[in-house]
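S.K.: the sequence isn't on hand, but the structure is:
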């Protein structure tokens, strides 16, 4: 294998690595956004549970879990 061909191969690998690094950053950002959204939804669920339990304290959702 000649040196120019080897250099070209290394350059192509480096380009692939850079693209993969960009994709990883995008995926991490997406995960962070989804994590924030999930936490907000959990907060809303807990608030709704409290409202339900005020009117229906015997509902299954209002019973303490031992887990």
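M.R.: Great, that's in hand. Bear in mind the structure is a predicted one, so any value in this text is a computation, not a measurement.
S.K.: what pLDDT does residue 3 get?
M.R.: Here, the pLDDT recorded for residue 3 equals 90.
S.K.: now it: how far from residue 13?
M.R.: Separation of residue 3 from residue 13 (C-beta to C-beta, to the nearest Å): 16 Å. To be clear about C-beta, it is placed using only N, CA and C from the backbone, and glycine gets the same treatment.
S.K.: in terms of neighbours, single out the busier of those two.
M.R.: Neighbours were counted for residue 3 and for residue 13 using other C-beta atoms under 10 Å; residue 13 has more, 10 against 7.
S.K.: now that one: which helix or strand?
M.R.: Element membership of residue 13 [criterion: DSSP states H and E] is helix 3-55.
S.K.: output the contacting helices and strands for that helix.
M.R.: Counting contacts by 3 or more C-beta pairs under 8 Å, 6 or more residues apart in numbering; DSSP states H and E, helix 3-55 is packed against no other helix or strand.
S.K.: ok, residue 60 - how many residues close by?
M.R.: When neighbours are counted by other C-beta under 10 Å, residue 60 registers 6.
S.K.: just the pLDDT at it, thanks.
M.R.: 93.
S.K.: and stretch 40-58, how far out from the chain middle?
M.R.: 25 Å (C-alpha atoms, centre = their mean, to the nearest Å).
S.K.: buried ones in that stretch?
M.R.: Under the neighbour-count criterion of 16 or more other C-beta atoms under 10 Å, stretch 40-58 has nothing buried.
S.K.: what sits up against it?
M.R.: The set of residues external to stretch 40-58 that reach it, using C-beta atoms under 8 Å, 6 or more residues apart in numbering, is 59, 61, 62.
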